[in-house]
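Novice: Give me the fold of what follows.
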Amino acid sequence: MKIEKFEDLIAWQKAKELTTKLYVVCKNCKEYGLKDIMTKTGIIMMNQIAEGFEKRNNKDIKAAFLIAKWGSSQMRSMLYMLLELWCITQEEFKDFYDITWHITKMLMAFVKSINANEKKAEDKKAETTS
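Specialist: Prediction:
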């Protein structure tokens, strides 16, 4: 499948899935500050992935994807608090944790791919100037 728009990116789809599930699961959570920051973090992850896809230079793409990855890491950290405060079950924790870890791995693969392509371009440029 050819990726033509950010909605085609599995990382964006997973971030959307995560955020939607968080809204549903946290609906009755009384920890309003935690619930608010977690849902906002999910939205930021989605938006950074979308923004990164729309960027046209590697530096900006990597920066957006790294911000989304950091959001994923923050999300995993906050999930422990939801679990400790009994806002989510152990099964929900595992599901959310797995989704965030999957997002992290995909975003790092994108960044590594960009870095590898940049290295190849630099090597090729060095060969032609030697």
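Novice: contact partners of stretch 56-71?
Specialist: The contact list for stretch 56-71 (C-beta atoms under 8 Å, 6 or more residues apart in numbering) reads 11, 15, 41-42, 44-45, 48-49, 51-53, 55, 103-104, 107-108, 110-111, 114-115, 117-118. Every residue, glycine included, has its C-beta placed from N, CA and C.
Novice: from the middle of its chain, how far away would it be?
Specialist: When distances are taken as C-alpha atoms, centre = their mean, to the nearest Å, stretch 56-71 is centred 10 Å away from the chain's centroid.
Novice: returning to what we had before: from the contacts of stretch 56-71, list just the buried residues.
Specialist: Among the contacts of stretch 56-71, those scoring as buried are 11, 15, 41-42, 44-45, 48-49, 51-53, 103-104, 107, 110-111 (criterion: 16 or more other C-beta atoms under 10 Å).
Novice: Find the pair from those residues with maximum spatial separation.
Specialist: The distance between the two most remote of the buried ones among the contacts of stretch 56-71 (C-beta to C-beta) is 20.2 Å, for 42 and 111.
Novice: Do I have it right that residue 19 meets residue 45?
Specialist: Yes: contact between residue 19 and residue 45 holds when scored by C-beta atoms under 8 Å: they sit 7.4 Å apart.
Novice: tell me what the helix or strand bottoming out on mean pLDDT in the chain is packed against?
Specialist: Lowest on mean pLDDT, DSSP states H and E among the helices and strands of the chain sits helix 90-129, with a mean of 92. If contacts are counted by 3 or more C-beta pairs under 8 Å, 6 or more residues apart in numbering; DSSP states H and E, helix 90-129 sits against helix 10-25, helix 32-54, helix 58-84.
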